[in-house]
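1. Kindly generate the corresponding structure for this input.
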Amino acid sequence: MNAFDRIYAVVRRIPRGTVATYGQVAQLAGNPRWARVVGYALHANPDPESIPCYRVVTKDGRTSPAFAFGGADMQRALLEADGIGFLPDGRVDMANYCWEGLYDD
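-> The predicted structure is shown next:
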């Protein structure tokens, strides 16, 4: 399994109603230094229907200004449709919506 496949496998596990960070996905995919690689993989997402890349945000809860599938506003809309709450400054409320993926198995 290559790096992108490992990343996609992690992203598929992010439950509806939660988000993960690029660093968290990198760690769960096997290399905590892959945060940028996660971004590249998500930008090249071959199957947005089953790989919910919009559930990946920065460590401080910011959405991507270059969201690959319709712009930053689309990422926020998709997250809100999942039930994700945002802070007044536009960041995801990480204290309440960050996935604890290390403990989900």
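
2. For the rest of this, base every contact and every neighbour count on C-alpha atoms.
-> Will do.

3. Tell me where the model's unsure across the protein.
-> 67-69, 71-72, 102-105 (pLDDT under 70).

4. let's see it at 50
-> 105 (pLDDT under 50).

5. Now name the helix or strand holding Gly39.
-> helix 35-43 (DSSP states H and E).

6. next structured bit after the strand or helix carrying Leu79?
-> Using DSSP H and E, the element containing Leu79 is helix 72-81. Using DSSP H and E, the helix or strand that follows helix 72-81 in sequence is helix 94-97.

7. contacting residues around that following helix?
-> Defining contact as Cα atoms under 8 Å, 6 or more residues apart in numbering, one finds that helix 94-97 is touched by Gly17, Thr18, Val19, Asp60, Gly61, Ile84, Gly85.

8. Pull it out as PDB, backbone CA atoms only.
-> The C-alpha trace of helix 94-97 is given here as PDB (Å, rounded to 0.1, in the frame of the first residue of the first chain):
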ATOM      1  CA  MET A  94     -11.800  21.500  17.800                       C
ATOM      2  CA  ALA A  95     -12.600  21.000  21.500                       C
ATOM      3  CA  ASN A  96     -15.900  19.500  20.600                       C
ATOM      4  CA  TYR A  97     -15.500  18.000  17.100                       C
END
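
9. Report the beta-bridge partner residues of the residue most central in space within the chain.
-> A centroid search over the chain (Cα atoms, centre = their mean) returns Val56, at 1.2 Å, as the residue closest to the centre. With DSSP bridges as the criterion, Val56 is bridged to Ala20.
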